[in-house]
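> got a sequence here, can you build the structure:
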Amino acid sequence: MKFIVIGLGIFGSSVATKLTRYGNEVIGVDSQMGKVEALKDKITHVVCLDSTDPQAVTNLPLKDTDVVIVSIGEDEGANIKTTALMKQLKARRIISRAISPLHEMILEAMGIDEILRPEEETAERWAKKLNIRGVIDSFELIGDYNIIEAIVPKRFFGKKLEEIGLRRNYHVLVLSTIQQVQTRTLFGTPKQESVIRELASGGTILNDGDKFILYGKIKDIRRLLEENG
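Purely as a prediction, here's the structure:
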């Protein structure tokens, strides 16, 4: 796929370099030459231009681009102007970053459906991780539903999922499990590596050191982990 990432701060540069690493064609755009120079060997293409300048952005290959990501964070005005220009120039898909509730409201009023809130999303994930014992990571879905990666409680070791009855007793589904296996580095040094298994079934056995991936409402997942932790 082809991406344009506008705004190469910490967040934008991270997104752009990772997308490039995954084999995509990425054009990174920023108004500061220093940021552009720093990323010229990490992103497919880098361009120094003012994305709020209507004439300057016409030089970007928007018609051939699948996704435009407006990741400007330090200047809400520049973010809004840039997003408006991308909308005016009929970019195929626009994802824009919001810094505040008012900023998000303006983007929504402009008809932007995909809005990034990296600080808020990171804070939410860390709050759940710190607030619920055993949680390693979390992904919030629509409504109260979440996908949670958590440590398997000790009392479940050696048991099959059908014996535990998480769906019956807690209204929580186990999507899969993650096993810790012993491998070796290229130099022969032992190391632990996480291996995700296939989709879980009633016959899946939970073992010491395993993690499981849970799906359900956060209140039900919390009850499951707190009652069995």
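> mind listing the strands for the protein?
Here the chain has its strands, by DSSP state E, at 2-6, 25-30, 45-48, 67-70, 94-97, 114-116, 135-140, 145-151, 173-184, 190-196, 211-217.
> weakest of those by average pLDDT?
Note on the strands of the chain: lowest mean pLDDT is at strand 135-140, with a mean of 66.
> surely residue 156 touches residue 206?
Yes - using C-beta atoms under 8 Å, residue 156 makes contact with residue 206 at a distance of 4.7 Å. Any C-beta I mention is one placed from the backbone N, CA and C, and that applies to glycine too.
> you'd agree residue 160 is up against residue 207?
No - counting by C-beta under 8 Å, residue 160 stays clear of residue 207, with 11.1 Å between them.
> what's near enough to touch residue 80?
Shown in contact with residue 80 (C-beta atoms under 8 Å, 6 or more residues apart in numbering): 103, 106, 107, 110.
> and if we set it to 10 Å?
Residue 80 makes contact with 52, 70, 72, 96, 98, 103, 106, 107, 110, 112, according to C-beta atoms under 10 Å, 6 or more residues apart in numbering.
> which strand residues bridge the second one?
This means residue 70. residue 6, residue 96 (DSSP bridges).
> thinking again about what came up before, now render the strands of the chain as CSV, adding mean neighbour count.
Formatted as CSV, these follow (neighbours: other C-beta atoms under 10 Å):
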stretch, mean neighbour count
strand 2-6, 25
strand 25-30, 25
strand 45-48, 17
strand 67-70, 26
strand 94-97, 24
strand 114-116, 16
strand 135-140, 16
strand 145-151, 19
strand 173-184, 14
strand 190-196, 10
strand 211-217, 20
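> so what sits against both of residue 156 and residue 206?
163, 164, 212.
> mind putting the residues you listed into a markdown table with distance to residue 202?
A markdown table is the format used below for the shared contacts of residue 156 and residue 206 (distance: C-beta to C-beta, whole Å):
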| residue | distance to residue 202 |
| --- | --- |
| 163 | 9 |
| 164 | 10 |
| 212 | 14 |
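> of the residues you listed, which is the nearest to residue 87?
Closest approach to residue 87 among those (C-beta to C-beta): residue 212, at 42.5 Å.
> hang on, isn't that closest one packed against residue 177?
Yes - counting by C-beta atoms under 10 Å, residue 212 touches residue 177, with 4.9 Å between them.
> now do the shared contacts for these two.
152, 161, 197, 200, 204, 206.
> what's the ChimeraX syntax to select whichever of the residues you listed are buried?
ChimeraX command restricting these to the buried ones, with burial defined by 16 or more other C-beta atoms under 10 Å:
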select :152,161,200,204,206
